[in-house]
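S.K.: no letters, just coordinates:
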């Protein structure tokens, strides 16, 4: 089973916004046993949109995001109908639902409903033979069965799309389509501290994927993510491939599920009854942000000191003036003092500190851009690490953030 995903909107092509819907849909489709053939980002030009829809309709499933609104450039429904060779109709029930929502909006904005009436009828127009699902905003999800194939149109806002997509998958056309494909079992390996090329060589050494096992290797956030999609009857081959990874890089495996590194770190600390704080310079609070992205983190994570200036390092974290003058703010000595100071000032069991030069300026021959020092301190010991990251400012800060979380993981697990 194969799917084409089309993300529509000129704002995506221009780079004003990033497409979040395509990756979300692709990941979910994989879990449901459908192979994403491609993700296409297309602007609002009618000819280009229609061409993308026609190409997508050659696959088993076409999923479109965006273009379901009330304005002149929202053309998904009419162009999808044209590409599918069907007409258009106004759905009375949908029109009533959209009208009710639009009247509320008009009242809230103190505007006459007449301003919305034309858009309401537009959003209640469907391809002949299509059904609609839900109304999170004023745009529904649209499901069009075309023989053995299915086309789906979803609203562009990610929150609305992610709420409606599971409902779409429960419609009869999607249930029939998904039932035709076998849902592969998924095995997950997450590694840290090994190169992508080393992992690729390990796969090649066991004969590569195939024979019922598809392997994806992705460098993501300074980690290596390996996913094995195992078709029924291919478990023995999957075992062989997994043993190959274990033999070559088993010491770098830190997870076998899809939890984020922040989730894993918090759970490890929670199991041991330990609390955590951060002291951050070049990352500017990014480590704390990763941790607080996890619901329920507050029982483990107590807080952060973002010590960008030297006087904050000195006054809030107790970094000795002698350390700053003799070794500098970007040094292993400063990182150690920051971590110890964070333990004291935040009253936590474990603290991790990050200091470095993220660039693009500020580097020197002795301390180049990309130099980062990490230090984690806890009740049973300390760990330090010096890293030299290539890349731009954003990449350096991101990699330092991930490395800091893994340093805490290593400190807590002693691995």
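M.R.: Thanks, I have the structure now. Fair warning: this is a prediction, and the values are worked out from it, not measured in the lab.
S.K.: wait, residue 324 touches residue 315, no?
M.R.: No: between residue 324 and residue 315 there is no contact under Cβ atoms under 8 Å: 11.5 Å. The way it works is simple: take the backbone N, C-alpha and C, and place the C-beta from them, glycine included.
S.K.: the more surrounded of those two?
M.R.: residue 324 (18 against 11; other Cβ atoms under 10 Å).
S.K.: now do the more buried one against residue 334, distance only.
M.R.: 7 Å (Cβ to Cβ, to the nearest Å).
S.K.: could you pull out the residues contacting both of the two?
M.R.: residue 313 (Cβ atoms under 8 Å, 6 or more residues apart in numbering).
S.K.: could I get the contacting residues of the residue nearest to residue 402 when sequence neighbours are not counted?
M.R.: If the residues on either side of it in the chain are set aside, residue 402 comes closest to residue 222, at 4.3 Å by Cβ to Cβ, 6 or more residues apart in numbering. By Cβ under 8 Å, 6+ apart, the contact set of residue 222 is 192, 398, 399, 402, 403.
S.K.: any idea how far the first one is from residue 114?
M.R.: Residue 192 sits 59 Å away from residue 114, going by Cβ to Cβ.
S.K.: what is the mean pLDDT for stretch 207-226?
M.R.: The pLDDT scores in stretch 207-226 average 90.
S.K.: list the buried residues for that stretch?
M.R.: 209, 212, 213, 215, 217, 221, 222, 223, 224, 225, 226 (16 or more other Cβ atoms under 10 Å).
S.K.: and that stretch, how far out from the chain's middle?
M.R.: 17 Å (Cα atoms, centre = their mean, to the nearest Å).
S.K.: check stretch 33-45 too.
M.R.: 17 Å.
S.K.: hmm, who's touching that stretch?
M.R.: By Cβ under 8 Å, 6+ apart, stretch 33-45 touches 1-10, 12-14, 19, 22-23, 25-26, 29-30, 48-49, 52, 55-56, 59-61, 67, 73, 75, 178, 181-184.
S.K.: tell me the two of the contacts of residue 222 that are most distant?
M.R.: Greatest spatial distance in the contacts of residue 222: 192 and 398, 13.9 Å, computed using Cβ to Cβ.
S.K.: need the next SSE after the helix or strand encompassing residue 175, C-terminal direction.
M.R.: Counting by DSSP states H and E, the element that carries residue 175 is helix 172-180. Going down the chain from helix 172-180, the next helix or strand is strand 185-191, by DSSP H and E.
S.K.: okay, the angle between whatever helix or strand comes next after that next one and strand 185-191?
M.R.: Going down the chain from strand 185-191, the next helix or strand is helix 196-205, by DSSP H and E. Helix 196-205 runs at 140 degrees relative to strand 185-191, counting by axes from the mean of the first three to the mean of the last three Cα atoms, to 10 degrees.
S.K.: circling back: neighbour count winner among residue 192 and residue 114?
M.R.: A side-by-side neighbour count of residue 192 and residue 114, using other Cβ under 10 Å, places residue 192 first with 19 against 8.
S.K.: and the pLDDT at that one?
M.R.: Residue 192 is given a pLDDT of 96.
S.K.: number of nearby residues for residue 1?
M.R.: 17.
S.K.: buried ones in stretch 238-258?
M.R.: Buried, per 16+ other Cβ under 10 Å, within stretch 238-258: 238, 241, 242, 244, 245, 248, 249, 252, 253, 254, 255.
S.K.: returning to what we had before: report all helices and strands that the helix holding residue 175 contacts.
M.R.: strand 141-146, strand 149-154 (3 or more Cβ pairs under 8 Å, 6 or more residues apart in numbering; DSSP states H and E).
S.K.: can I get those strands in a markdown table with mean pLDDT, mean neighbour count and distance to residue 330?
M.R.: Putting those into a markdown table (pLDDT from 0 to 100; neighbours: other Cβ atoms under 10 Å; distance: least, Cβ to Cβ, whole Å) gives the following:
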| stretch | mean pLDDT | mean neighbour count | distance to residue 330 |
| --- | --- | --- | --- |
| strand 141-146 | 97 | 22 | 51 |
| strand 149-154 | 98 | 25 | 47 |
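S.K.: would CSV of these with distance to residue 291 be doable?
M.R.: Listed next are these as CSV, based on distance: least, Cβ to Cβ, whole Å:
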stretch, distance to residue 291
strand 141-146, 34
strand 149-154, 32
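S.K.: can you tell me the element the residue of the chain most remote from its centre falls in?
M.R.: Going by Cα atoms, centre = their mean, the residue of the chain most distant from its centre is residue 322, 42.6 Å out. Assigned by DSSP H and E, residue 322 belongs to helix 321-326.
S.K.: just the pLDDT for residue 415.
M.R.: On the pLDDT scale, residue 415 gets 65.
S.K.: ditto for residue 31
M.R.: pLDDT, residue 31: 84.
S.K.: what about the closest residue to it other than its chain neighbours, how many neighbours?
M.R.: Leaving aside its chain neighbours, residue 31 sits nearest to residue 186 (6.8 Å; criterion: Cβ to Cβ, 6+ apart). Other residues near residue 186 come to 12 when the count uses other Cβ under 10 Å.
S.K.: how far away is residue 186 from residue 240?
M.R.: From residue 186 over to residue 240 (counting by Cβ to Cβ), the distance is 17 Å.
S.K.: ditto for residue 157
M.R.: 44 Å.
S.K.: who's in contact with residue 21?
M.R.: 5, 7, 65, 66, 154, 156, 158, 161.
S.K.: out of the buried residues of stretch 238-258, which are inside helices?
M.R.: In helices, judged by DSSP state H, the following of the buried residues of stretch 238-258 are found: 238, 241, 242, 244, 245, 248, 249.
S.K.: which one of these is nearest to residue 204?
M.R.: Nearest to residue 204 among these, with distances taken as Cβ to Cβ, is residue 244, at 9.2 Å.
S.K.: low-scoring pLDDT stretches of the stretch 301-415 of the chain, where are they?
M.R.: Within the stretch 301-415 of the chain, the ranges that satisfy pLDDT under 70 run 415.
S.K.: distance to residue 284 added to the contacts of residue 222, as CSV?
M.R.: What follows is these, written out as CSV (distance: Cβ to Cβ, whole Å):
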residue, distance to residue 284
192, 22
398, 12
399, 14
402, 15
403, 15
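S.K.: those residues in helices, which ones?
M.R.: 398, 399, 402, 403.
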